[in-house]
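Student: 3D model of this:
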Amino acid sequence: MGPMTETVRLTGYAHGGGCACKIPPGELEAVVAGLTGDRAPDGPGDLLVGLDDGDDAAVVRLSGGTAVVATADFFTPVVDDAYDWGRIAAANALSDVYAMGGRPVVAVNLLAWPRDLLPMELAAEVLRGGLDVAREAGCHVAGGHSVDDPEPKYGMAVTGIADPDRLLRNDRGRAGLPLTLTKPLGIGVLNSRHKATGEAFPHAVAAMTTLNRAASEAALAAGAECATDVTGFGLLGHLHKLARASGVTAVVDAAAVPYLDGARRALADGYVSGGTRRNLDWVRPHLDAGAATEDELLLLADAQTSGGLLVAGELPGHPVIGELVPDTGRTLKIR
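Tutor: You can find the predicted model right below:
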C-alpha cells in the first residue's frame, strides 16, 4: 500500500463505530412490529425462527433433515486498520450463524465505499480481511454487492446449515440453567477510545476476530438449546431479549463478568458510546439493578462488536456469570 492508505484513519469517516452504530433496540422493535405475517408464503420449507423473538438469524427447515440459516450484518469502521476491520466484520456476521448452532456455508460481501474520498486499495484490504476470516471458518465467499456511499460500511450476508432438532434459540431458556459468557466484555469502550485517540488495542482486535465456532460446537456438545451472541445491544440488551422470549428472569452476578484489560479505565475516562447509553435506557425499566453502580451498568450494557456467545448452560473453560430463575416480573436482575 502507498503512503496515503497507511495514514488514513478509517474511524474518522464514521459517525459511530461497529455495532454501536445500530438503530436503538426499542426503535427497531417498533419498526418491525407486525411484519411477521399470519400466512406462510407458498414456497419450500418451514420457518422455524423468524422475527417473533428477535433471534440472531432466520432458520428454515427443508426436507431431508436440514435447516438453512440466513443472516446479514454490516457496520461502519470500528478500527482504523482496513484489513482488521474486514476481519472483525466477517467474524461478526458469521457469529449469527454460530449463535443459532449452525455452520456457515457461503457468504456474499456487502460494501459501501466513498470512492472519491478513500482509495480503492483500502477497500481491497477490507475485502481481503473478510475473505481470510471466512476461509478460517470454512465458508465460501462468492461475490456480493457494493455502492458508492459517503460513509464506509462493510459486512456480509451469510447462509449456513444446521440440524433443525439441535438449534440454539433465544426462546429456549429454562429456570435453573446457568449463564455462560464466552468472550470478555469491554470491546465497546476500548473501540470508543481507539476512535477518539488512535490508541491501538491488539487484544480487543484479537477478541473481535476470534470466531464463535468453537463456543457454538461446545454448546451443542453440552446439550444446550438456548443461546445468543452479545453484540450491539450489550450483554444486558441481549440477555433481556433472551429472558423475555423464554419467560424467565436472568440474574447476573456482576463480579463474575470478565472484562478486557483497560475497559474499566476507558469507562472512567469517559469513552462511552451513545449506543451503550441507549442500551441501558432501553433495559432500565425491566432491570432490578440492586446495588450496582451506574458505571457497572454501563459496562454491562456496553455495545459490543463481534462479542462472544451467551449460553444457557455450562461450558468448560468459560465463566458462569449468572443464572436463569422463574419470572419475577422483570427480565433482569443484578446481584
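Student: Now do stretch 160-179: distance to the chain's middle.
Tutor: Computed by Cα atoms, centre = their mean, to the nearest Å, the chain-centroid distance of stretch 160-179 equals 17 Å.
Student: same thing with stretch 183-198?
Tutor: Using Cα atoms, centre = their mean, the offset of stretch 183-198 from its chain centre is 15 Å.
Student: got it, and stretch 128-140?
Tutor: The answer for stretch 128-140 is 18 Å, by Cα atoms, centre = their mean.
Student: What residues of the helix or strand harbouring A142 count as buried?
Tutor: For A142, the element it lies in under DSSP states H and E is strand 140-148. Neighbour-count burial for strand 140-148 flags 141, 144 (criterion: 16 or more other Cβ atoms under 10 Å). Every residue, glycine included, has its C-beta placed from N, CA and C.
Student: for it, packing partners?
Tutor: Packed against strand 140-148, as judged by 3 or more Cβ pairs under 8 Å, 6 or more residues apart in numbering; DSSP states H and E, are the following elements: strand 103-113, helix 120-136, strand 153-162.
Student: For it, the averaged confidence score.
Tutor: Mean pLDDT, computed over strand 140-148, is 96.
Student: what do you get for stretch 106-125?
Tutor: Averaged across stretch 106-125, pLDDT comes to 97.
Student: just to revisit the earlier point, quick one, which of the helices and strands packed on strand 140-148 is packed in tightest?
Tutor: Among these, the stretch with the highest mean neighbour count (mean count of other Cβ atoms under 10 Å) is strand 153-162, at a mean of 23.
Student: what about that strand, distance to the chain center?
Tutor: Computed by Cα atoms, centre = their mean, the chain-centroid distance of strand 153-162 equals 13 Å.
Student: in its sheet, what does it sit against?
Tutor: As defined by DSSP bridges, the strand partners of strand 153-162 come to strand 66-75 (antiparallel), strand 103-113 (antiparallel).
Student: Just want the angle from the longest one to helix 120-136.
Tutor: The reference is to strand 103-113. 170 degrees (axes from the mean of the first three to the mean of the last three Cα atoms, to 10 degrees).
Student: what sits against L117?
Tutor: L117 is in contact with 13, 150, counting by Cβ atoms under 8 Å, 6 or more residues apart in numbering.
Student: And it, how close does it get to G232?
Tutor: L117 is 25 Å from G232, where distance means Cβ to Cβ, to the nearest Å.
Student: ditto for G65
Tutor: 33 Å.
Student: And these two? Which one has more around it.
Tutor: Under the criterion of other Cβ atoms under 10 Å, the comparison of G65 against G232 puts G232 first, with 28 against 9.
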